[in-house]
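**Student:** For reference, the sequence and a predicted model appear below.
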Amino acid sequence: MKKNNSKLELNKEEMKNYGYQVIDAIVDHFHSQNRKLPVAMGSREEMDSLFLEEAPEEGMNSKKVLDFVLEKVMTNSTNMSHPKSYSFVPGPSNYVSVMADTLATGYNIFSGGWAASPAAAELEIITIQWLLKIFGFPQKKGGGIFTSGGSMANLTAITTARKVKCGEDFSKAVIYLSDQAHSSNIKAIQVLGFKKEQIRIIPTDIEFKFAINKLKNCIAKDRLEGLLPFCLIATSGTTNTGTVDQLPELAKICKKEDIWFHIDGAYGAAAILSRKGKQLMKGIEKADSLTVDPHKWFFQPYEMGCLLVRNHKHLSHTFTEKPEYLRDIEGNTSEINFYDHGIQLTRRFRALKFYMSIKTFGLQEFRNAITYNIDLAEEVETLLRASKNWEVVFPATLAVINFRYNPIGKKYSQKKLDEINQHISEKVVSSRKALLVTTLLHKQVVLRMCLINPRTTFDDVKETLTLCEDFAKGFN
Ligand SMILES: *Cc1c(COP(=O)(O)O)cnc(C)c1O
């Protein structure tokens, strides 16, 4: 037998130096990111000119590869953790969780089954318990699973709802969601093979909440047609405006109609840790399933989503398959195999970062950060209302605020206002100084700030608004 020299290894010294250089780069990044430009832009041609090559047969010096990556890859990626990244949903992240991810990957822990890594499974059970308690779900009966993000959590939820409410035949099943529900829900519904005719998009009222009367009419008509209403998706914190649907009322409808009540709290649910958020989240504890997205407002780095369910048996009932090659590792029921509770078999150890960051900072620090975010958005609202240039289009809700440039005395047409605000956003983004994009509310183009980064200051926002005003003045 020939000796194998191809073990994909560095020597110990090289490993250490490599690692130290990576840590130095990350720590420098955390400390200097506020002073850097958040937005990266590049065409396919520009990126090709940097990176396009055939897979090299021969390796090269490890440090050279690392230097190249730090210089060309990291600098050509938008920084969603930057204090002036206001758009879509920022990812503020935190250093402890970054190191926890490094550990989980470094030890390459398999988080699929109990037998392979009892401690990893236990930490997932424990951290899911923490979340169940935070959201008022039953501690004993409840359960959940960490996923790559909110999209996968929603897919897991709808799969479970279908199994529990429809069994094998879902040909007559109908699902309800509002026109403000996140697009990942529609994607999940399509992945699951539902036809267009089985999806009911219910309009929203002036505050972007479910139009309840229309929903009730729709369910009643579907019953009369012999269809099977099986699932309703409410949102606790819409991505557009932070609006929370009427959770207690929707819970009642679902109970009466025997419909699975899923709440998509990917954006906003974490706000329950603050006093104001808790008020808004009343009724969230009545859901059959709840999506939360720790890589948003629980300050975790990508990727981490979570699905909580009121009855853990619903997950195992939906996702347990018993292939012969897994027969030796089944264990007892309190020793959970998470591959039986969701879609993935091989899973990374996501619970570790949640565990370590909460142990290190304490829940109180998370509460304070979220409270700060909500208060900051309200202060920004006050500032905008007091200005001659700005109009608040939708009030600050769960740290989201929608506004537009509309100076008093100018009497711009709707079309012109849309154009100016579009122009402002395009100019701001191409200046690379802030990530601030538009959305559409009641068909108006508006600017939207999502302020969930605890490092964003009132001055950051004021600077950004001044930048916007300068660009607005240059518009003809
Ligand atoms: C972000 C978001 C999602 C999708 O979550 P990902 O983590 O991006 O997959 C789903 N629903 C809502 C309300 C969201 O804000």
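**Tutor:** Right, received. Where do you want to start?
**Student:** Would you mind measuring the gap between the ends of stretch 323-333?
**Tutor:** End-to-end span of stretch 323-333 (Cα to Cα, to the nearest Å): 17 Å.
**Student:** Next, count neighbours for residue 354.
**Tutor:** If you count neighbours by other Cβ atoms under 10 Å, residue 354 ends up with 25. (Glycine included, C-beta is placed from N, CA and C.)
**Student:** Tell me the confidence at it?
**Tutor:** Note on residue 354: pLDDT of 98.
**Student:** can you check residue 332 too?
**Tutor:** At residue 332, pLDDT is 68.
**Student:** which residue ranges form the strands in the chain?
**Tutor:** Here the chain has its strands, by DSSP state E, at 143-147, 173-178, 199-202, 228-235, 260-264, 289-292, 305-309, 390-397, 400-405, 438-441, 444-450.
**Student:** partners of the third one, with directions?
**Tutor:** Counting by DSSP bridges, the strands paired with strand 199-202 are strand 173-178 (parallel).
**Student:** how about the partner strand: buried residues?
**Tutor:** 173-178 (16 or more other Cβ atoms under 10 Å).
**Student:** what's the angle between that strand and strand 260-264?
**Tutor:** 40 degrees (axes from the mean of the first three to the mean of the last three Cα atoms, to 10 degrees).
**Student:** Residues contacting strand 173-178, please?
**Tutor:** 158, 162, 165-166, 185-186, 189, 194, 198-204, 209-211, 215, 218-219, 222, 227-235, 245, 259 (Cβ atoms under 8 Å, 6 or more residues apart in numbering).
**Student:** Please pick the buried ones from these.
**Tutor:** The buried subset of the contacts of strand 173-178 - by 16+ other Cβ under 10 Å - is 158, 162, 165-166, 185-186, 189, 194, 198, 200, 202, 204, 209-211, 215, 218-219, 222, 227-235, 245, 259.
**Student:** What residue in the stretch 301-450 of the chain comes nearest to the ligand?
**Tutor:** residue 305 (5.1 Å; Cβ to the nearest ligand atom).
**Student:** restrict the buried residues of strand 173-178 to contacts with the ligand.
**Tutor:** Among the buried residues of strand 173-178, no residue lies close to the ligand (Cβ under 6 Å from any ligand atom).
**Student:** now, which of those residues sits nearest residue 151?
**Tutor:** Nearest to residue 151 out of those is residue 177 (Cβ to Cβ; 14.3 Å).
**Student:** Quickly note the distance from the closest one to the ligand.
**Tutor:** To the ligand, residue 177 is 11 Å away according to Cβ to the nearest ligand atom, to the nearest Å.
**Student:** same check, this time on residue 88
**Tutor:** In terms of Cβ to the nearest ligand atom, residue 88 sits 8 Å off from the ligand.
**Student:** try residue 176
**Tutor:** For residue 176, the distance to the ligand equals 16 Å [Cβ to the nearest ligand atom].
**Student:** buried set for stretch 53-60?
**Tutor:** For stretch 53-60, it's none, nothing buried (16+ other Cβ under 10 Å).
**Student:** now swap in stretch 439-447 and tell me
**Tutor:** Those would be 439, 441, 444-447, for stretch 439-447 by 16+ other Cβ under 10 Å.
**Student:** do stretch 122-131 as well
**Tutor:** For stretch 122-131, by 16+ other Cβ under 10 Å, it's 123-125, 127-129, 131.
**Student:** Would you tell me which residues of the stretch 201-350 of the chain are close to the ligand?
**Tutor:** Selection of the stretch 201-350 of the chain residues close to the ligand by Cβ under 6 Å from any ligand atom yields 235, 239, 264, 266-267, 293, 305.
**Student:** Is it correct that residue 112 is in contact with residue 348?
**Tutor:** No: judged on Cβ atoms under 8 Å, residue 112 makes no contact with residue 348 at a distance of 9.8 Å.
**Student:** for the record, mean pLDDT for the longest helix that the chain contains?
**Tutor:** Ranked by number of residues, the top helix in the chain under DSSP state H is helix 363-385. Average pLDDT, helix 363-385: 98.
**Student:** What are the contacting residues of that helix?
**Tutor:** 270-271, 273-277, 297-299, 358, 390-392, 395-401, 403, 449, 451-454, 456, 458, 461-462, 465.
**Student:** Now the buried members of those.
**Tutor:** 270-271, 273-274, 276-277, 297-299, 358, 390-392, 395-401, 403, 449, 451-454, 456, 461, 465.
**Student:** picking up where we left off before, make JSON lines from the buried residues of stretch 439-447 and add distance to the ligand and pLDDT to it.
**Tutor:** JSON lines is the format used below for the buried residues of stretch 439-447 (distance: Cβ to the nearest ligand atom, whole Å; pLDDT from 0 to 100):
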{"residue": "439", "distance to the ligand": "12", "pLDDT": "98"}
{"residue": "441", "distance to the ligand": "16", "pLDDT": "97"}
{"residue": "444", "distance to the ligand": "21", "pLDDT": "97"}
{"residue": "445", "distance to the ligand": "20", "pLDDT": "98"}
{"residue": "446", "distance to the ligand": "17", "pLDDT": "98"}
{"residue": "447", "distance to the ligand": "18", "pLDDT": "98"}
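**Student:** Could I get those in CSV, plus columns for distance to residue 26?
**Tutor:** Putting the buried residues of stretch 439-447 into CSV (distance: Cβ to Cβ, whole Å) gives the following:
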residue, distance to residue 26
439, 32
441, 38
444, 41
445, 38
446, 36
447, 32
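**Student:** who touches residue 433 in this structure?
**Tutor:** Counting by Cβ under 8 Å, 6+ apart, residue 433 has contacts 37-39, 84, 464, 467.
**Student:** before we move on, back to that, let's have the strands of the chain in JSON lines, adding distance to residue 343.
**Tutor:** Shown next, in JSON lines, are the strands of the chain (distance: least, Cβ to Cβ, whole Å):
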{"stretch": "strand 143-147", "distance to residue 343": "8"}
{"stretch": "strand 173-178", "distance to residue 343": "19"}
{"stretch": "strand 199-202", "distance to residue 343": "21"}
{"stretch": "strand 228-235", "distance to residue 343": "18"}
{"stretch": "strand 260-264", "distance to residue 343": "16"}
{"stretch": "strand 289-292", "distance to residue 343": "14"}
{"stretch": "strand 305-309", "distance to residue 343": "11"}
{"stretch": "strand 390-397", "distance to residue 343": "32"}
{"stretch": "strand 400-405", "distance to residue 343": "30"}
{"stretch": "strand 438-441", "distance to residue 343": "30"}
{"stretch": "strand 444-450", "distance to residue 343": "28"}
